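K.L.:
Pasting the sequence and the predicted coordinates here, then a few questions.
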Amino acid sequence: MERINKILIANRGEIVSRIIRTCKLMGIQTVIIFSDDDSNYSYIEDADFSLKLYGNSLDETYLNIDLIINKAIENKCDAIHPGYGFLSENYKFAKACTENNLIFIGPSHQIINQMASKSISKKIVKSINIPTIPGYNGKDQNKKRLIEEAKLIGFPIILKSSNGGGGKGIKIVNNESEISNAIDSSKRESLNSFGSEELIIEKYIEGSRHIEFQVIGDKYGNYLHLFERECSIQRRYQKILEECPSPAIDIANRNLLADYAMKIAKKLKYDNVGTIEFLFDQKNNNFYFLEFNTRLQVEHTVTEMTTDIDLVKLQIEISDGSKIDYKQNNIKSNGHAIEVRLYAEDVINNYYPDSGIIEFFKSPKTENFRIETSIMSNSKISINYDPMIAKLIVWDKKRNGAIKKMSYVLNKLKCLGVKTNQDLLKNILINNEFSSGDYNVNLLNNKVLFSKDKKTIIAIEKSIISGILYNSITLNKKKRYFKNIPSGWRNNFYSHQKEEIEINNKKILIKYKFDKNTYEFIINENKYYAIVFKFSDNTLLIDFSGKVEKFKIFTRANKFYIYNISSGNVIFSLNERLYFKNNYENEGSFLAPMPSKVEKIIVKENEKVKKGDPLIVISSMKMENIIQSNINGLVNKIYVTKGQTVDSGAILIDIR
């Protein structure tokens, strides 16, 4: 049949590069679209044709159905691949493709429409006697009705967008006093991300595991599955580590879930690649249907690594009218694969997304390691999109081998320019709960994952020293006068030079002095002796008392971004030597914790507020945060307006 010779990829980020790779193997031309923020991503060069989209908002660019359809027609494309997120589960988009004689690479728009609504999908699944979580899926979305239903179900409950996924719109509500604000916030996030305020309510099952099954169907009634994936390690209800197979599923439960998955696929007459998600109540050995994702999953890679089946190729072939060539009995799951998602985010600051320019990006090379990314050095991480930088995937014959290999990859990966979750990912891999396989969705509540031992603290302090030395060398190179006098020279030779840095929102005083060729540093009462061994190409080699260590260093304004194999990535800012406290640092002045958009201003000027009252709702990368008052007082001044975009540290509101 082979009607597909040219595909427009209606997405951005790493999935675009992933789809291009398979298209090249299949001899298919690719057309990509990109916005201003994405103008330095690798796929602009890798694609056969690259089209710039003009506009600032998602509605003007990646969610603009008419624009994308017209671009595909103008460029004589045969098909559109939606990737995941954005328009991938928008039945109107799939329908518009069909109406314009474009092949939508995914299931039929009718199936997408049925499964896009969590409430409709649950009714269908219930009709074939597959368990679902107790909850409310009704069309009556009146706030009063939602509160009544939550009380009937019994707290804790969980609110979800009926028309979306990816953790957006999800709120856990522990008691009645939280429900009203949670409904408002969940509806806003749902509307912003999926164009609908409709919510469902479910009983929150604590200590559960998140298991999903990969299913395939074609247009000729053939169905098969590619086993399960474990996706329980999540933050903000969004996955950050996935593995295949699940260490929690035995043969009996695997067969049970496979039976459930095949029943659902056949009931829907599903006709492409899809994923059925289940909640595993491990305590009671019960499984509940969660949702059916009618698209490629972010974590499809671990299934590919263990089955050696290209899921993007399958998607394209099925959409092109081909039959599934595989037989269920011939598909085996071999070895163990782990994927981690590298995000630009401030882990210790409630996982707030970070944004900025990637100054340097380099991944290691090792056997059975795969990286999915479109990021290059100088790529931009924008406030407007999901903060994922890359997916790192490894395979080994055994789970322990895969864990060891992923630890190696994360220790060697260099990503400098923004805060990332790299250290957290490393800590998860060496955590006893994870390594034993005995974990659940609450793993990230373990405070041990965020602590640093003495060895790590010393390594971080050495990275700070490398930054101070880098700064000193760089300043010396720029000198026009007194070049023979070392940086930090003082009339009183015996006194230390002082620098104040800020790291992880804490200020630290660094003392150092130069004697012959050796620097003496004092940090937090720890003393270090350092000799500059070699400096070139942003790389500094330092001799610490006979041990030479290597540091990769980049700077932007007063910020330092440093990689060392022992410390990982370290970010700190060098404060001005003469520092004056500004008016924004007074108690009662509230600053934006990250680059954000102001979604809602709850209070008015001259209004009385109490400690804990919500003041302003901000969002970044489609995730909401509520700024609450930490004092009792009067709203003195509001500095922002609804819809305004602000930088990190911008003053939002002042209370006296």
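P.N.:
That came through, no problem.
K.L.:
Quick one: list the elements packing against the lengthiest strand in the chain.
P.N.:
Counting residues, the longest strand found in the chain (DSSP state E) is strand 223-235. Counting by 3 or more CB pairs under 8 Å, 6 or more residues apart in numbering; DSSP states H and E, the packing neighbours recorded for strand 223-235 are strand 209-217, strand 238-244, helix 251-268, helix 300-307. Where C-beta positions appear, they are placed from N, C-alpha and C, glycine not excepted.
K.L.:
Take these and write them to TSV, including mean neighbour count, mean pLDDT and distance to residue 611.
P.N.:
Output for the helices and strands packed on strand 223-235, formatted as TSV (neighbours: other CB atoms under 10 Å; pLDDT from 0 to 100; distance: least, CB to CB, whole Å):
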stretch	mean neighbour count	mean pLDDT	distance to residue 611
strand 209-217	24	98	36
strand 238-244	25	96	30
helix 251-268	17	97	48
helix 300-307	24	98	46
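K.L.:
which one of the ones you listed lies closest to residue 137?
P.N.:
Among those, the nearest to residue 137 by CB to CB is helix 251-268 (16.6 Å).
K.L.:
Can you name every helix or strand that the very next helix or strand once past that closest one contacts?
P.N.:
Using DSSP states H and E, the helix or strand that follows helix 251-268 in sequence is strand 273-281. For strand 273-281, the packing partners by 3+ CB pairs under 8 Å, 6+ apart come out as strand 209-217, helix 251-268, strand 286-293, helix 311-319.
K.L.:
what angle separates strand 273-281 from helix 311-319?
P.N.:
Counting by axes from the mean of the first three to the mean of the last three CA atoms, to 10 degrees, strand 273-281 points 120 degrees away from the direction of helix 311-319.
K.L.:
what does strand 273-281 contact?
P.N.:
Strand 273-281 has contacts (CB atoms under 8 Å, 6 or more residues apart in numbering) with 106-107, 133, 205, 208-217, 231, 248-249, 257, 260-261, 264-265, 286-297, 300, 311, 314-315, 318.
K.L.:
which strands and helices sit next to the least confident helix or strand in the chain by mean pLDDT?
P.N.:
Among the helical and strand segments of the chain, the one scoring lowest on mean pLDDT, DSSP states H and E is strand 623-628, with a mean of 78. Judged by 3+ CB pairs under 8 Å, 6+ apart, the packing partners of strand 623-628 are helix 176-194, strand 614-620.
K.L.:
Only alpha carbons, please: show the last one as CSV.
P.N.:
Below are the C-alpha coordinates for strand 614-620, written out as CSV (Å, rounded to 0.1, in the frame of the first residue of the first chain):
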residue,chain,number,x,y,z
PRO,A,614,-3.7,32.4,49.1
LEU,A,615,-2.6,35.6,47.3
ILE,A,616,-1.6,35.0,43.7
VAL,A,617,-1.7,31.9,41.4
ILE,A,618,1.2,31.6,39.1
SER,A,619,2.1,28.9,36.5
SER,A,620,5.2,27.7,34.8
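K.L.:
looking only at pLDDT, what's the mean for that strand?
P.N.:
Mean pLDDT, strand 614-620: 84.
K.L.:
gap between that strand and the chain center?
P.N.:
Per CA atoms, centre = their mean, to the nearest Å, the displacement of strand 614-620 from the mean C-alpha position of its chain is 20 Å.
K.L.:
What are the contacting residues of stretch 648-656?
P.N.:
The contact list for stretch 648-656, computed with CB under 8 Å, 6+ apart, reads 584, 588-596, 598, 603, 609, 615-616, 618, 627, 629, 631, 633-640, 646.
K.L.:
in it, what's buried?
P.N.:
For stretch 648-656, the neighbour count (16 or more other CB atoms under 10 Å) marks 648, 650, 651, 652, 653, 654, 655 as buried.
K.L.:
Identify all contacting residues around stretch 526-533.
P.N.:
458, 461-462, 465, 469, 473, 517-522, 540-545, 548.
K.L.:
Strands - which of these land there?
P.N.:
Using DSSP E, 518, 519, 520, 521, 522, 540, 541, 542, 543, 544, 548 are the members of the contacts of stretch 526-533 that sit in strands.
K.L.:
end-to-end on stretch 268-278?
P.N.:
Start and end residues of stretch 268-278 are separated by 17 Å (CA to CA, to the nearest Å).
K.L.:
Kindly report the same for stretch 30-41.
P.N.:
15 Å.
K.L.:
Off-centre distance for it?
P.N.:
19 Å.
K.L.:
which residues of the stretch 301-450 of the chain fall in strands?
P.N.:
Using DSSP state E, counting those that start in this stretch, the strands of the stretch 301-450 of the chain run over 336-343, 345-346, 352-353, 356-357, 360-362, 369-373, 380-381, 388-396, 414-416.
K.L.:
Figure out which of the ones you listed is closest to residue 78.
P.N.:
Nearest to residue 78 among these is strand 369-373 (24.9 Å), distances taken as CB to CB.
K.L.:
any idea which helix or strand comes after the longest helix seen in the chain?
P.N.:
Across the chain, the longest stretch assigned as helix under DSSP state H is helix 454-478. Sequence-wise, the next helix or strand downstream of helix 454-478 (DSSP H and E) is strand 497-503.
K.L.:
list the buried ones in whatever helix or strand comes next after that next one?
P.N.:
Later in the chain than strand 497-503, the nearest helix or strand by DSSP H and E is strand 506-515. Using 16+ other CB under 10 Å as the test for burial, strand 506-515 gives 508, 510, 512, 513, 514.
K.L.:
what pairs with the first one across the strands?
P.N.:
Assessed by DSSP bridges, residue 508 has beta-bridge partners residue 501.
K.L.:
same check, this time on the third one
P.N.:
Each beta-bridge partner of residue 512 is listed here, defined by DSSP bridges: residue 497, residue 521.
K.L.:
so how far is residue 570 from it?
P.N.:
17 Å (CB to CB, to the nearest Å).
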